[in-house]
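J.: Kindly generate the corresponding structure for this input.
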Amino acid sequence: MDTMSSPARVSSAPSLSKSWHSLCSALSLSGEITSQGWEVLQQLSIQGDKLGQQHSDATSGQLAAVVYIVSCRLNEHISVKDLVAQLSMNMKDLFYHVLDQYARLEPEATLPQIQTLKVFYVTSYLAYQKYTQHFRMLFPHGFVNNGDAELVDTSFQFGWLIFAYTRAKLFPRGAMMTVYHLLVAVLHLLLAHLPEEAQTAACFWAELEDAPPSECYPLPASAQTKLLTLLSAQSDELAKVQEPGMFTVVEELRGVLSLSASTAPAVDGDGGGGGLAGLFSASTLQTSSRLLSDKYDAEWPKHCPLDDRYFHLPLPPAAPHAPSSVPASPCRRPPAESGAGGAVEQQLLTPLRSAPASGPPPATPMSAQLEALSWLKDAVRGCGPRPGAALQRYFDVCEPSPEPDICSRLDHLCERVQTELETHTNPGELCDYARKLYCKMLLLFLEEEEKRLKHCNFSSLLANDMFHSALFACCMEAVGAACVPSVLAFPAILS
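T.: Residues are numbered from 1 along each chain as shown. Alright, predicted model coming up:
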């Protein structure tokens, strides 16, 4: 059987070799990647992979996977954007083929670089969807509004490029909420520099009592509040990314674009003084975009696994083998059809949340997480990270008091979580949320049991280590779903 199959594989080798070396040449790959990649392709062929004998899309995917895997092995940087563009491939297809081929080459190993790329891609993809939506709403005529449709497209790409550059400099590994609020900070920067003739978004400018002058950055506090409400953003989350990082980026942009500082103040002195003079000009917009693009070329490989200009590419949809997208909101079931043709009321999937308001679920995962984060902050408002007086009433009837063990256990569990999340921007904040939610849920649980059993002595339950650990795990899961679903998705929290 092997003798019969070998000629077929050998006959395909010249065609495969031509495709491989043509791809390496087009991407200007190093000799090491070219030679070692060809060895890997031959290894896969010997294992029985029918490279060169199947559909061209599958072969292209396997070639792309080998380029990526070998570049990771050699720790050599490649442009994933250029790789998928060269092969007219969707990013999800690249993920599929890399994981598939790596499992054949290294069955017992994992490739951490692909997980990093996937997380970056997902957060950037969601940010790009939000940017597209908000650009249409806030900049309907682009950044100059002179009737030139080409400049509207240039405005769109330039705005995204400013975000991409800012992310590369400040938060290349940021979680979804960090990335979204960084996008809001960039939209704030863009809005503040719009010339008066381009301030045509009625949903924002018409709502301001006193419109600030052009190039008044930062905007007055009242305008920032309006923007946060419009974009469903959280002021405390925005503060984490806006100061001092954004002002550092603005200083760098002055140098890159050869612009002077704009000191335009707001009418009442609230805001202004830190802008970019002449950022949006019809005569210089394309030049500014080109200058920043050149600078971004030098910056993104140092910090990011993907060039965020990937999202401007006209790429095909993912092949059927690619995994489908997650539901828009993890907190709601998909809508069901009723017999009468009306919508069936949505039900939340977690007992930690109250009944949902009527209306459709969030349209995107980003909207769903914004909703979840808002719920979490409302849920723990007024709660402390340690048991309060209300819980103390239940502790006092126990002998001995369970409070020392409960507090010690909380400290130990939070230490474990923080150790696992040491690469997260602020694991202590996640644990603080979980502590507060744990104390709230413990109190609610005891109060309901007291009503049911007509007594308040729960010594056995409060001394049960498994009960407390499980309750904290549930609270940490809720916090993870609201803040960092890609890191704390079930069942990761169990470990």
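
J.: Same question for stretch 382-400: list its buried residues.
T.: For stretch 382-400, a neighbour-count test (16 or more other Cβ atoms under 10 Å) marks 383, 385, 387, 391, 394-395, 398 as buried. No exception for glycine: its C-beta is placed from N, CA and C like everyone else's.

J.: which other residues reach it?
T.: With contact meaning Cβ atoms under 8 Å, 6 or more residues apart in numbering, stretch 382-400 is reached by 401-403, 406-407, 410, 432, 435-437, 439-440, 442-443, 446, 456-459, 462-463.

J.: Got a quick ChimeraX command for the buried subset of those?
T.: In ChimeraX, a selection of the buried entries from the contacts of stretch 382-400 looks like this (16+ other Cβ under 10 Å):
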select :402,403,406,410,432,435,436,437,439,440,442,443,446,458,462
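
J.: rewinding a little: switch the buried residues of stretch 382-400 over to a markdown table; also include secondary structure.
T.: Below are these laid out as a markdown table (DSSP: H, G, I helix; E, B strand; the rest coil):
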| residue | secondary structure |
| --- | --- |
| C383 | coil |
| P385 | coil |
| P387 | coil |
| L391 | helix |
| Y394 | helix |
| F395 | helix |
| C398 | coil |
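
J.: and which of those residues is nearest to N75?
T.: Set against N75, the nearest of these by Cβ to Cβ is P385 (42.0 Å).

J.: List the contacts of the residue nearest the centre of the chain.
T.: In the chain, the centroid-proximal residue (Cα atoms, centre = their mean) is T123; its distance is 2.4 Å. Residues counted as contacts of T123 (Cβ under 8 Å, 6+ apart) are 174-176, 179, 486.

J.: Tabulate these in JSON lines, adding columns for secondary structure.
T.: Output for those, formatted as JSON lines (three-state DSSP):
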{"residue": "G174", "secondary structure": "coil"}
{"residue": "A175", "secondary structure": "coil"}
{"residue": "M176", "secondary structure": "helix"}
{"residue": "V179", "secondary structure": "helix"}
{"residue": "S486", "secondary structure": "helix"}
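
J.: filter these to the buried ones?
T.: 174-176, 179.

J.: out of these, what pair is the most spread apart?
T.: G174 and M176 (8.0 Å).

J.: Of all the residues in stretch 76-84, which ones are buried?
T.: Buried-residue list, stretch 76-84, by 16+ other Cβ under 10 Å: 78-81, 83-84.

J.: Provide a list of residue ranges in the protein with pLDDT below threshold.
T.: The model of the chain has pLDDT under 70 over residues 1-12, 48-57, 266-269, 321-366, 422-425, 485-495.

J.: just the strands in it please.
T.: Taking DSSP state E, the strands of the chain run over residues 261-262, 275-276.

J.: most packed of these?
T.: For the strands of the chain, the largest average neighbour count (mean count of other Cβ atoms under 10 Å) is found in strand 275-276, namely a mean of 24.

J.: counting contacts, what elements does that strand pack onto?
T.: helix 245-257, strand 261-262 (3 or more Cβ pairs under 8 Å, 6 or more residues apart in numbering; DSSP states H and E).

J.: For the longest one, list every residue counted as buried.
T.: For helix 245-257, a neighbour-count test (16+ other Cβ under 10 Å) marks 245-246, 249-250, 253-254, 256-257 as buried.

J.: which of these sit farthest apart?
T.: Pairwise over the buried residues of helix 245-257, using Cβ to Cβ, the maximum falls at G245 and L257, 18.3 Å.

J.: Give me the spatial nearest neighbour of C216, chain neighbours excluded.
T.: G272 (4.1 Å; Cβ to Cβ, 6 or more residues apart in numbering).

J.: I figured the one you found hits P265, correct?
T.: Yes. In this structure G272 lies within contact range of P265 using Cβ atoms under 8 Å: 3.9 Å.

J.: okay, and the common contacts of those two?
T.: By Cβ under 8 Å, 6+ apart, the residues touching both G272 and P265 are 213, 216.

J.: Looking at those two, which is more packed in?
T.: G272 (21 against 15; other Cβ atoms under 10 Å).

J.: now the buried residues of helix 245-257 as a markdown table including distance to P314?
T.: Shown next, in a markdown table, are the buried residues of helix 245-257 (distance: Cβ to Cβ, whole Å):
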| residue | distance to P314 |
| --- | --- |
| G245 | 33 |
| M246 | 32 |
| V249 | 29 |
| V250 | 32 |
| L253 | 28 |
| R254 | 33 |
| V256 | 28 |
| L257 | 28 |
